[in-house]
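*Asks:* dropping the sequence and predicted coords here.
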Amino acid sequence: MTYQEFYNNSMADPTAFWKAQADAIDWFEKPSDISFKDENSLYRWYKGGQLNTSHLALDYHVANGRGDQPAIFYDSPVTDTKETITYAQLLDRVARFAGVLKAQGVEKGDTVIIYMPMIPQTVVAMLACARLGAIHSVVFGGFAAHELAIRINDAKPKLILTASAGKEINRVIDYMKIVNPALDEAEHQVQGVIVYQRDILEAPLKEGRDFDWDVLLADAEPADCVPVESTDPLYILYTSGTTGKPKGIVRDNGGHAVAMKFSMKYIYGVEPGEVYWAASDVGWVVGHSYIVYAPLIHGCTTVLYEGKPVRTPDAGAFWRVLEEYGVSVFFTAPTAFRAIKKEDSEAKLKAQYDTSKLRYLFLAGERCDVSTLEWCQDVLQVPVIDHWWQTESGWPMLANMAGVELLPVKPGSAGKPVCGYDLKVVGPDGEPVPPNTEGAVVIRLPLAPGTLPNLWQDTARFIDSYLSPYPGYYFTGDGGYIDEDGYVFITGRIDDIINVAGHRLSTAEMEEVVAAHPLVAECAVIGVHDDLKGQIPVGFVVLKAGADIADAELEHELIKMVRDQVGPVASFKKATVVQRLPKTRSGKILRRIMRHIVDGKPYNPPSTIEDMSVLPELEAQVREAQV
């Protein structure tokens, strides 16, 4: 079947299409209704279906002959550690740790926050929560204590699961020095903290609150899978919101499992038993979907890599992993290859390794520039597929569906719509625009299974953020256009979320931090183009009258504030003092115009601008500051 035939089938009869895909999943109880609307009139999938995601990822495979197959290749160049974990071994570890959680009183429907690095215990923790029907929320280890506290207050976890430390190239990060102040700041109080003590650092434990992971594990009784409803939440994953308050994206069990299995077969073109590697972090949606759940549900071997594309030890790190584990399909962000290209532009280190088992390279997480895509094609000599999706969708919405039909690659495009996604580009009136005309990227409801059904305990915000801007559609927040051949080009965020090396971060959140400085009168933080990271945040600051501080000193203080309160992942390293900010008459800062000025792009000032003379003034200050 061609891509177009397959896609058309999903559009013509979505119920029949997604019923057929659900048959690939081992349900405890098959769904009675494939699609329906819930009490909030929101679209849902697989009513009445019962299953368990941990069962699909582990028990099912062990029962069907994959017990001795590697489930995980753990590779940590930062700690010089490697480990192969079979499906049978992983099942044993997950069942026993689920027993630990059960003994601590964790039950179906409870929430658990996981604040851990890229180690096997993190995967065990996620699957153990799923085994009990508990809802996990993984918080990326690079987030500061304040960010963790916000998530604790929102998710209200019974437990926090953490490790004593994370390891970067040149430093050890003491996790308890983040967890402890986060718990001090949070209004919600957890029942306990379970700490996995790593060899690189032993953390002191607080009497009565903290528990040693291995001590509890030694006495644990294995726990069986708890059946859950298809519509029960599997996890909450927080993503940046334009208000500065993170949005808790909810993922259900049934639709998610179907989408994961479907995407591995039809998008990534990978078979059970093959090695699949997503070079990301479990703190991000890519890590949830394509390090943990999709590869294991599909019966693949997943690579858990605790390292970087460069300096662990060099720009040949990825080539080494591809060869050593015989990776068939590889997925990472364009940032990673920009870093490799910067260090080894001629890919001389690639000659040391045999990557002949690699069939496809997939890129996502940010817009892939044409030069990076072409460099990857030249170096790897395999199809390089740019595709597009979001934390909200949980799996690709645009792709070249390699498992169906590999279409010609158009550099700059993220491909065509994936089955189940009726994607349109519309103008301000909500009507589709002609080919090659830029507009808002929207998807006609209902969304495919596996996408967010709602936000965590905030239906009003879900409707307001995603469904209200264009009634009948899901609003992606991205702009783009569709060419005459049906290929979609995503041009960037419409709102003030920026994409730093594949990490979605809120400039509004950073502005709150910058604005808190006692000498700052007002400010704007915008995302500007960066060759390596895609975008980086830059602060523009107007000082209070009479403020007496050197620009360099102020910049240093602001960088430290953002690092402490948002985290180093924000990459906030530039703050420039300006006389005034361009605004509309109503007082709205013209951030889009500012981005164009910094990036050197042409722009048309809006008719609502308060004072046109501020623009050449800002252009001169940008040139002088060398932003």
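*Replies:* Looks like it arrived, so ask away. From a predicted model like this one, the values you see are computed outputs, not experimental measurements. Numbering: from 1, shown residues only.
*Asks:* look up how far Leu101 lies from His288.
*Replies:* Separation of His288 from Leu101 (C-beta to C-beta, to the nearest Å) stands at 19 Å. For every residue, glycine as well, the C-beta is placed using N, CA and C.
*Asks:* actually Glu610, sorry about that
*Replies:* The spacing between Glu610 and Leu101, counted by C-beta to C-beta, is 56 Å.
*Asks:* and what of Val409?
*Replies:* 45 Å.
*Asks:* compare the two (neighbour count), which wins?
*Replies:* Leu101 (25 against 17; other C-beta atoms under 10 Å).
*Asks:* wait, that one touches Leu159, no?
*Replies:* Yes - using C-beta atoms under 8 Å, Leu101 makes contact with Leu159 at a distance of 7.1 Å.
*Asks:* name the residues contacting each of those two.
*Replies:* Val112 (C-beta atoms under 8 Å, 6 or more residues apart in numbering).
*Asks:* where in this protein is pLDDT low?
*Replies:* For the chain, the stretches flagged by pLDDT under 70 are 241-244, 495-496, 584-588, 606-608.
*Asks:* in it, spot the helix with the most residues.
*Replies:* Using DSSP state H to assign secondary structure, the helix with the most residues in the chain is helix 87-103.
*Asks:* for Thr84, helix, strand, or coil?
*Replies:* The three-state label given to Thr84 by DSSP: H, G, I helix; E, B strand; the rest coil is strand.
*Asks:* now it: how far from Phe97?
*Replies:* Between Thr84 and Phe97 the distance is 19 Å, computed by C-beta to C-beta.
*Asks:* so which of those two has more stuff around it?
*Replies:* Phe97 (25 against 13).
*Asks:* mind listing what the residue nearest to the more buried one when sequence neighbours are not counted touches?
*Replies:* Sequence neighbours aside, Ala128 is the residue nearest to Phe97 in space, at 4.2 Å (criterion: C-beta to C-beta, 6 or more residues apart in numbering). By C-beta under 8 Å, 6+ apart, the contact list for Ala128 reads Ser54, Val94, Ala95, Phe97, Ala98, Val100, Leu101, Ala223.
*Asks:* check which helix or strand the first one maps to.
*Replies:* So that's Ser54. helix 53-54 (DSSP states H and E).
*Asks:* which other residues reach that helix?
*Replies:* With contact meaning C-beta under 8 Å, 6+ apart, helix 53-54 is reached by 94, 98, 127-128, 130-131, 225, 234, 253, 256-257, 293, 297.
*Asks:* packing partners for the longest helix of the chain?
*Replies:* Helix 87-103 sits against helix 60-63, strand 70-76, helix 120-132, helix 213-218, with contacts defined as 3 or more C-beta pairs under 8 Å, 6 or more residues apart in numbering; DSSP states H and E.
*Asks:* one more time with 10 Å
*Replies:* Judged by 3 or more C-beta pairs under 10 Å, 6 or more residues apart in numbering; DSSP states H and E, the packing partners of helix 87-103 are helix 53-54, helix 60-63, strand 70-76, strand 81-86, helix 120-132, strand 159-163, strand 192-196, helix 213-218.
*Asks:* winner for burial among those?
*Replies:* helix 53-54 (a mean of 29; mean count of other C-beta atoms under 10 Å).
*Asks:* now the residue of the chain positioned farthest from its centre: how far from His556?
*Replies:* Computed with C-alpha atoms, centre = their mean, the maximum C-alpha offset from the centroid of the chain is found at Gly546, amounting to 43.1 Å. Distance, Gly546 to His556, using C-beta to C-beta: 21 Å.
*Asks:* about what we covered before: so which of the helices and strands packed on helix 87-103 comes closest to Ser263?
*Replies:* Of all the helices and strands packed on helix 87-103, it is helix 53-54 that lies closest to Ser263, at 15.0 Å by C-beta to C-beta.
*Asks:* please give me every residue in contact with Glu405.
*Replies:* Met1, Thr2, Tyr3, Gln4, Glu5, Phe6, Tyr7, Tyr266 (C-beta atoms under 10 Å, 6 or more residues apart in numbering).
*Asks:* measure the residue nearest to Phe97 to Ile25 for me?
*Replies:* Ala128 is 21 Å from Ile25, by C-beta to C-beta.
*Asks:* likewise for Ala364?
*Replies:* 24 Å.
*Asks:* which one's more surrounded, these two?
*Replies:* Taking neighbours as other C-beta under 10 Å, Ala364 and Ile25 compare with Ala364 leading, 25 against 22.
*Asks:* picking that back up, for the contacts of helix 53-54, which two are the farthest from each other?
*Replies:* Spatial extent of these (C-beta to C-beta) is set by the pair Ala98 and His256 at 18.9 Å.
*Asks:* residues contacting Pro70?
*Replies:* 83-87, 89-90, 273, 275, 300-303, 325.
*Asks:* could you dump these to a markdown table with distance to Asp458?
*Replies:* As requested, those are exported to a markdown table (distance: C-beta to C-beta, whole Å):
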| residue | distance to Asp458 |
| --- | --- |
| Glu83 | 40 |
| Thr84 | 42 |
| Ile85 | 37 |
| Thr86 | 41 |
| Tyr87 | 37 |
| Gln89 | 39 |
| Leu90 | 34 |
| Gly273 | 41 |
| Val275 | 39 |
| Cys300 | 35 |
| Thr301 | 38 |
| Thr302 | 32 |
| Val303 | 35 |
| Tyr325 | 41 |
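*Asks:* buried members of those into ChimeraX, please.
*Replies:* Only the buried members of those enter the following ChimeraX selection, criterion being 16 or more other C-beta atoms under 10 Å:
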select :85,86,87,89,90,275,300,301,302,303,325
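*Asks:* on that earlier part again, tabulate the helices and strands packed on helix 87-103 in CSV, adding columns for distance to Glu405.
*Replies:* Formatted as CSV, the helices and strands packed on helix 87-103 follow (distance: least, C-beta to C-beta, whole Å):
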stretch, distance to Glu405
helix 53-54, 30
helix 60-63, 28
strand 70-76, 30
strand 81-86, 34
helix 120-132, 33
strand 159-163, 42
strand 192-196, 44
helix 213-218, 47
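*Asks:* out of these, nearest to Gln377?
*Replies:* Gln377 lies closest to strand 70-76 among the helices and strands packed on helix 87-103, at 25.5 Å (C-beta to C-beta).
*Asks:* residues in contact with the residue farthest from the centre of the chain?
*Replies:* Listed by C-beta under 10 Å, 6+ apart, the contact partners of Gly546 are Leu519.
*Asks:* check Gly527 too.
*Replies:* Contacts of Gly527 (C-beta under 10 Å, 6+ apart): 492-493, 496-500, 505, 507, 510, 533-538, 591, 595, 598-599.
*Asks:* CSV for the contacts of helix 53-54, including distance to Phe17?
*Replies:* Shown next, in CSV, are those (distance: C-beta to C-beta, whole Å):
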residue, distance to Phe17
Val94, 32
Ala98, 34
Leu127, 29
Ala128, 33
Ala130, 26
Arg131, 30
Cys225, 28
Leu234, 22
Asn253, 20
His256, 17
Ala257, 16
Tyr293, 21
Ile297, 19
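*Asks:* closest one to Ala516 out of the residues you listed, please.
*Replies:* The closest of the contacts of helix 53-54 to Ala516 turns out to be Leu234 (C-beta to C-beta; 36.1 Å).
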